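Asker: Here is my input, please return the structure:
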Amino acid sequence: MEPLAPLEKTVFITVGSTSFDQLVEVVTSESFTSLLASLGYKRLLIQYGKSWSTFQKAMTRQTSQTSYLIPSLPSSIKIDSYDFKPSLTHDLQEANLVISHAGSGSILESLRLQKKLIVVVNNSLMDNHQSELAIELHSLGYLLNTSMSDLAEAIKSHHDQNFKPFLKHIKETFANILDEEMGFENDKK
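Answerer: Numbering: from 1, shown residues only. From the prediction side, this is the model:
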C-alpha cells in the first residue's frame, strides 16, 4: 500500500454567513496570493458567504467554476471556493492556517481543532459584538486578532507561530469570556 500524498499547504478563509467583501478582495489580490506562495502555501480555500460577486470580480472570469489557478505567480497557488456548507470542519482540518471573520462558531471550531488562527473583524456589521471575543482571545494568546490593513504583515510575521493550545476547559473558558464581556459576575471565584 502506497503512503498517502501529503496535503497541499493550505490557507482557509471563512467570512461566515454574511458578506465580507473587503476580506474577499484582499485575499484574492495578486499581492496577497503572491505572499502566500512565497511562504510555501499551494492552496487557498475561500468560503465567501454572500460575497459571491466580489469573489467573481476578483477572479476576472464570469464562470461557475469553483477552482482557479493564478498563472501569473512564480509558484502558482490554487484557489478553491464555495458560498456555504453545513459544516466547515473538514476544511478547517485540512488547513495549515485559518483566516476568519470574528464569528464565535468559526473561532471556537478552529481553536478546538488546534489551528493557527488569524481573526479579522468585519467592521461593516452593525453592533459588532464579535470584536470583543477576538480581542479577549488574542490577549489570552489563543489567536491573532488583526485589522484588514495589517493582515498581510500579520501573516508574514505570524504564519509559523504556534499559539497557546485551547484544549483544556474549552467550554468553561469560553463561558467565562462571554460572562465577562456581557458584564455578568463570575460566582465561581
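Asker: Verify the assumption that Leu92 is located in a helix.
Answerer: Yes - counting by DSSP: H, G, I helix; E, B strand; the rest coil, Leu92 is part of a helix.
Asker: Name all residues that make contact with it.
Answerer: Residues in contact with Leu92 (CB atoms under 8 Å, 6 or more residues apart in numbering) are 12, 98, 109-110, 113, 115. Yep, even glycine has a C-beta here, placed from its N, CA and C like the rest.
Asker: Chain neighbours aside, what residue packs nearest to it?
Answerer: Spatial nearest neighbour of Leu92, chain neighbours left out: Leu113 (5.3 Å); criterion: CB to CB, 6 or more residues apart in numbering.
Asker: Name the helix or strand of this protein that has the lowest mean pLDDT.
Answerer: None of the helices or strands of the chain scores lower by mean pLDDT, DSSP states H and E than strand 67-69, at a mean of 62.
Asker: got any ranges where the chain has weak pLDDT?
Answerer: Along the chain, the model assigns pLDDT under 70 to residues 1-6, 60-75, 126-128, 167-175, 178, 181, 185-189.
Asker: Go ahead and flag the most central residue of it.
Answerer: When the chain is reduced to its mean C-alpha position, the nearest residue by CA atoms, centre = their mean turns out to be Ile99, at 1.9 Å.
Asker: partner residues bridging that residue?
Answerer: Here Ile99 sits in beta bridges with Ile13, Ile118, going by DSSP bridges.
Asker: do you know how far it is from Glu30?
Answerer: Applying CB to CB, to the nearest Å, the value for Ile99 to Glu30 is 17 Å.
Asker: got it, and Pro165?
Answerer: Distance from Pro165 to Glu30, by CB to CB: 35 Å.
Asker: Ok, Ser76 next?
Answerer: Distance, Ser76 to Glu30, by CB to CB: 12 Å.
Asker: Settle it for me: which of the two has more neighbours?
Answerer: Ser76 (14 against 11; other CB atoms under 10 Å).
Asker: Hmm, that one is touching Ala37, no?
Answerer: Yes - with contact defined as CB atoms under 8 Å, Ser76 reaches Ala37; the gap is 7.3 Å.
Asker: residues contacting the closest residue to His138 other than its chain neighbours?
Answerer: Distance criterion CB to CB, 6+ apart; nearest residue to His138, sequence neighbours excluded, is Asn145 at 3.7 Å. Each residue near Asn145 by CB under 8 Å, 6+ apart is listed here: 102, 118-119, 121, 134-135, 137-138.
Asker: now swap in Phe20 and tell me
Answerer: By CB under 8 Å, 6+ apart, Phe20 lies in contact with 49, 51, 101, 122, 124.
Asker: Just these: which are in helices?
Answerer: If you go by DSSP state H, the contacts of Phe20 have nothing in helices.
Asker: Now the two most distant members of these.
Answerer: Largest separation among the contacts of Phe20 by CB to CB: Gly49 and Ser124, giving 12.5 Å.
Asker: Have a look at those two and say which one is more surrounded.
Answerer: Applying other CB under 10 Å to Gly49 and Ser124 shows that Gly49 carries more neighbours, namely 21 against 11.
Asker: Many thanks, have a good one.
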